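K.L.:
show me how the following folds:
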Amino acid sequence: MAKAASLAEAQDIPLSFLQGILLDLRRAGLLHSHRGADGGYALTRPADEITVGDVLRAVGGSLTTVRGLPAERAGYHGVAAGLTDVWLAVHGAIATVVDSTTLADLLTHAPVSPIPTPPA
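P.N.:
Model prediction:
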């Protein structure tokens, strides 16, 4: 069980900012909280079952945004139409990395799986 004030101090971030993040994570079902002197926050699942992608989506919604929209909703017309495919590829590459990296990986400094290089 971790206390918000201790986390904020350890990470050198404002407590009010952290509390917003903790609320997002709790709403997403990644954390549970307990009130009281022995209270605090804890993961709802083991760290090796929660991905960085789970956390990013809980806090930010979409992994990638283009002109304020999720990458899959950003559309281009005319000569720029090919940009849609570029943004979808970027989104897919980000998802590949963050969805294969768990919180446990971060704790052990495990290497991040590289994105396969497409054939030339």
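K.L.:
quick check: buried residues in stretch 75-89?
P.N.:
Buried residues in stretch 75-89, counting neighbours by 16 or more other CB atoms under 10 Å, are found at 84, 87. No exception for glycine: its C-beta is placed from N, CA and C like everyone else's.
K.L.:
list the contacts for Val112?
P.N.:
Going by CB atoms under 8 Å, 6 or more residues apart in numbering, Val112 touches 97, 100-101, 105.
K.L.:
10 Å instead?
P.N.:
52, 97-98, 100-101, 105-106 (CB atoms under 10 Å, 6 or more residues apart in numbering).
K.L.:
what's the per-residue pLDDT of the residue most central in space within the chain here?
P.N.:
The residue lying closest to the centre of the chain (CA atoms, centre = their mean) is Leu56, at 1.6 Å. As predicted, Leu56 sits at a pLDDT of 95.
K.L.:
thought it was touching Thr65?
P.N.:
No: applying CB atoms under 10 Å, one finds Leu56 not in contact with Thr65, separated by 11.8 Å.
K.L.:
narrow the contacts of Val112 to those that are buried.
P.N.:
By 16+ other CB under 10 Å, these give 52, 97-98, 101, 105 as buried.
K.L.:
restricted to helices, list these.
P.N.:
Among the buried ones among the contacts of Val112, the subset assigned to helices under DSSP state H consists of 52, 97-98, 105.
K.L.:
will you turn those residues into CSV that also has distance to Gly75 and pLDDT?
P.N.:
Formatted as CSV, these follow (distance: CB to CB, whole Å; pLDDT from 0 to 100):
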residue, distance to Gly75, pLDDT
Val52, 28, 96
Val97, 25, 92
Val98, 24, 93
Asp105, 35, 93
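K.L.:
quick one: which of the contacts of Val112 is nearest to Pro46?
P.N.:
Of all those, Pro46 sits closest to Asp105, with 12.3 Å by CB to CB.
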